[in-house]
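Student: sequence first, predicted model second:
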Amino acid sequence: MKVVFSHGKESGPWGFKIKRLAEIARQQGFSVDSIDYTDLVDPELRVERLLAALEPEVDEFVLVGSSMGGYVALVASETVAAKGVFLMAPALYMPGFKHQQHEPKSPHIEIVHGWSDDVIPADHSIEYARYSDCTLHLISGDHALNGVIETVERLFERFLATISRA
């Protein structure tokens, strides 16, 4: 199974969080890919790039996204059947983003959001979790979640273990 990462607007394909989480995925036997969106500002074009990257996939995969990458992963999961979706401070319900309602095909979605996020309000993740009845982890931390990376790592490790058993 593969884990496919989507980075945020201000990040890159192998930023701090992705490197740390990719190592956990590899330790659990997953292959890893991280899509480079640094040349694209438009979230809808990022969704198209992710879907194009997933098109040749024959194995099952998990989508992981942070910030705008969370939006990208969730929107893509409406088209493809991801085994799971793990979102960190996802850019949901943001003004100007095309998709405001989400109906993913994935049976397992988890969100991690920091209470002190001043970029994307935690209320957005609360609203989506309530709507979709998915697992939401509200933790101490800001938008980047770098200061609480160990907590994010533990949650991600449990998420992947759950996906592996499903």
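Tutor: Looks like it came in fine.
Student: please tell me how far residue 57 sits from residue 157.
Tutor: 23 Å (Cβ to Cβ, to the nearest Å). From N, CA and C alone the C-beta is placed, and that goes for glycine too.
Student: now do residue 6
Tutor: For residue 6 relative to residue 157 (Cβ to Cβ), the value is 19 Å.
Student: okay, the two: which has more neighbours?
Tutor: residue 6 (30 against 15; other Cβ atoms under 10 Å).
Student: neighbours of residue 140, how many?
Tutor: 11.
Student: what does residue 158 give?
Tutor: Count around residue 158 with other Cβ under 10 Å applied: 13.
Student: that one falls within a helix, correct?
Tutor: Yes - per DSSP: H, G, I helix; E, B strand; the rest coil, residue 158 lies within a helix segment.
Student: how much space separates it from residue 151?
Tutor: 11 Å.
Student: pLDDT score assigned to residue 116?
Tutor: At residue 116, the pLDDT value in this model is 97.
Student: burial count for it?
Tutor: Neighbours around residue 116, by other Cβ under 10 Å: 12.
Student: wasn't it part of a helix?
Tutor: No - secondary structure of residue 116 (three-state DSSP): coil, not part of a helix.
Student: list the contacts of residue 49.
Tutor: 35, 37, 40 (Cβ atoms under 8 Å, 6 or more residues apart in numbering).
Student: same thing with residue 109?
Tutor: 74, 77, 84-87, 132, 134-135.
Student: and for residue 74?
Tutor: 63, 65, 85, 87, 90, 92, 102, 104, 109.
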